[in-house]
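In: I would like the atomic coordinates for the input below:
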Amino acid sequence: MVSDDTGGGLEFDFDLLKRLTEERGVPGYEDRIREIVREELGAATDELRSDAMGNLVGTIEGESDYSVAVAAHMDEIGFMVTHVDDRGFVSIDPLGGFDPRVLKAQRVTVHAADGDLPGVIGSPPPHTLDEEEREKTPKIEDVRIDLGLPAEEVDEHVSPGDPVTMRQTTERLGEHVTGKALDDRVSVFAMIEAARRIENPAVTIHFAATVQEEVGLRGARALGVDLDPDLAIALDVTVANDVPGFEEGEYITECGEGTAIKLKDSSVITSPKVHRRLREVAEAEGISHQLEILPAGGTDTAGFQTPAGAKPVGAISIPTRYLHTVTESARTDDIAATIDLLAAFLESETGERDYAF
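Out: Numbering: from 1, shown residues only. Now for the predicted structure:
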């Protein structure tokens, strides 16, 4: 593991986090990020397998048949090419929930079949626009990508269905890391780091890197049936609105206050016995934590409450500012607390606790 000191005594594999967050992987096209996860998760688990959707599951065999699934999604929000016009400008359709207000003047990469092409989402100079145009609310269908190439060359290389991702690096920002795709690669990172710590668990643990979360929790829903675990814990980022423009009651979570134990989001109400157990472990181990009540947005947690049966579920979240932009930002000590809580919870699980009502 390549690690460096982030301050506060923490050691942090920033190189791995950087690789994970900068790699491409929109919903349904997670192939590149999956190869990185395959390498890292394979080295930390006893068995590694993938399925027809592209979910990747690394298993550490325990002393009992009782199984716990841990899930974090690999996919990032992005786009798919829909059309190339006769001037070579590229139209797109969203894969996940990008706010069109943040797309103007951004750099992108079109992942064509024969290679990656850099491009920009143009924004006309404001002094060329009238007042109505300046105040117009942007829409995804109005976005055009300029590849800076002749139309015939664009038409030769770019086809409908080609994925498009934002072009951004991951950097240190004081006590934070910032970049694209922290949602949810920072949780994949935390899952890998926790898997590295687990030795001889009492229960069997499935570490699942899921696909297509951003378009309906699809990978997790499939795994909920296929794995059929006795207990499931999802990892994801969550809103930290602790920035100017929001009142304290609107923060949801705060950066620097520790990992967040989810009580609910719009897709799930976590099992009270599970989130209470997470709090007990955090308090016993002295792990900084806070509670999360997310009014909108869903997570893989809900994917494990399926027609296969009623399962106890919990979730641990990493407070993150500026979600669904290219400057998502999380504190390193909150990430470390998430790793600590996940590892401690899994190591304490015996399979003998009754999480039913």
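In: what residues are up against residue 49?
Out: Contact analysis of residue 49 by CB atoms under 8 Å, 6 or more residues apart in numbering lists 56-57, 59. In short, each C-beta sits where N, CA and C put it, glycine included.
In: May I have the phi/psi pair for it?
Out: phi -150, psi 160 (degrees, to the nearest 10).
In: Begin at 55 from now on, thanks
Out: With 55 as the first residue, the last one maps to residue 103.
In: ok so, going back, take the contacts of residue 103 and write them to CSV, including neighbour count.
Out: Shown next, in CSV, are the contacts of residue 103 (neighbours: other CB atoms under 10 Å):
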residue, neighbour count
110, 24
111, 22
113, 20
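In: List the ones among those that fall in strands.
Out: In strands, defined here by DSSP state E, the members of these are 110-111, 113.
In: Just put these in JSON lines and tack on pLDDT.
Out: Below are the ones in strands among the contacts of residue 103 laid out as JSON lines (pLDDT from 0 to 100):
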{"residue": "110", "pLDDT": "97"}
{"residue": "111", "pLDDT": "98"}
{"residue": "113", "pLDDT": "97"}
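In: so which of the residues you listed comes closest to residue 242?
Out: residue 110 (9.7 Å; CB to CB).
In: what secondary structure does residue 96 sit in?
Out: Of the three states, residue 96 takes helix according to DSSP: H, G, I helix; E, B strand; the rest coil.
In: I figured it hits residue 102, correct?
Out: Yes - contact criterion CB atoms under 8 Å: residue 96 and residue 102 qualify, at 4.4 Å.
In: Looking at these two, which is more packed in?
Out: For residue 96 and residue 102, the more surrounded residue by other CB atoms under 10 Å is residue 102, and the numbers stand at 17 against 13.
In: The more buried one: which element?
Out: strand 101-104 (DSSP states H and E).
In: Give me the sheet partners of that strand and which way each runs.
Out: Using DSSP bridges, strand 101-104 pairs in its sheet with strand 110-114 (antiparallel).
In: Please save the CA atoms from the strand it pairs with in CSV.
Out: What follows is strand 110-114, C-alpha atoms only, in CSV (Å, rounded to 0.1, in the frame of the first residue of the first chain):
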residue,chain,number,x,y,z
LEU,A,110,-17.9,-7.6,-8.6
VAL,A,111,-18.0,-9.5,-5.3
GLY,A,112,-15.0,-10.4,-3.2
THR,A,113,-15.7,-12.9,-0.4
ILE,A,114,-13.9,-13.5,2.9
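In: now for the helix or strand following that strand, which elements pack on it?
Out: Counting by DSSP H and E, the element after strand 110-114 in chain order, helix or strand, is strand 121-127. With contacts taken as 3 or more CB pairs under 8 Å, 6 or more residues apart in numbering; DSSP states H and E, strand 121-127 sits against helix 236-251, strand 258-264, helix 272-280, strand 285-293, helix 386-402.
In: Much appreciated, bye for now.
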